[in-house]
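*Asks:* the sequence and its predicted three-dimensional model are supplied below.
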Amino acid sequence: QLQLVESGGGLVQPGGSLRLSCVASGLTLDYRAIGWFRQAPGKEREGVSCIRSSNGSTYYADSVKGRFTAYRDNAKNTVYLQMNSLKPEETAVYYCAAGSSSWFCLPADSWGKGNQVTVST
């Protein structure tokens, strides 16, 4: 059974950077698209990025393009989300999820428990 654990969140000042990690155990991520999602208090969960395993291509939400970068290290069974120029409105719990295929991040059949990111002075 695939299990995902996020880490790397925390408190950062506006304009700062964080790198989230999503470590998988139980199964390889080699053939799974991996998505990053976030949910702010009182808001619906939204997709942030998706990185495919089929060709390594990535998708980003318009709000994070040019600031966030998703990449994977299959040898470590880990996917990362580098977040730069963070904004206060991006305070949220960030989740990684494994898609059921190598191409699509949704539907996802495995989710991490989430990691809090707080952007504040």
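*Replies:* Great, that's in hand.
*Asks:* drop to CA atoms for contacts and neighbour counts, all remaining ones
*Replies:* OK.
*Asks:* residue nearest the middle of this structure, spatially speaking?
*Replies:* Centroid-nearest residue in the chain, with Cα atoms, centre = their mean: residue 36, separated by 2.7 Å.
*Asks:* strands paired with the helix or strand hosting that one, and their directions?
*Replies:* Per DSSP states H and E: residue 36 is located in strand 34-39. Strand 34-39 pairs in its sheet with strand 46-51 (antiparallel), strand 92-99 (antiparallel), by DSSP bridges.
*Asks:* what's the mean pLDDT across that strand?
*Replies:* Regarding strand 34-39, the rounded mean pLDDT is 97.
*Asks:* which stretches of the protein have low pLDDT?
*Replies:* Within the chain, no range satisfies pLDDT under 70.
*Asks:* just the strands in it please.
*Replies:* Secondary structure of the chain, counting by DSSP state E: strands at 3-7, 10-12, 18-25, 34-39, 46-51, 58-60, 68-73, 78-83, 92-99, 108-111, 115-119.
*Asks:* what's the third one packed up against?
*Replies:* For strand 18-25, the packing partners by 3 or more Cα pairs under 8 Å, 6 or more residues apart in numbering; DSSP states H and E come out as strand 3-7, strand 78-83.
*Asks:* so how far is the last one from its chain's centroid?
*Replies:* Using Cα atoms, centre = their mean, to the nearest Å, the distance from the centre of strand 78-83 to the centre of the chain it belongs to is 6 Å.
*Asks:* what's the angle from that strand to strand 18-25?
*Replies:* If you take axes from the mean of the first three to the mean of the last three Cα atoms, to 10 degrees, strand 78-83 sits at 170 degrees to strand 18-25.
*Asks:* tell me the buried residues in strand 78-83?
*Replies:* 78-81, 83 (16 or more other Cα atoms under 10 Å).
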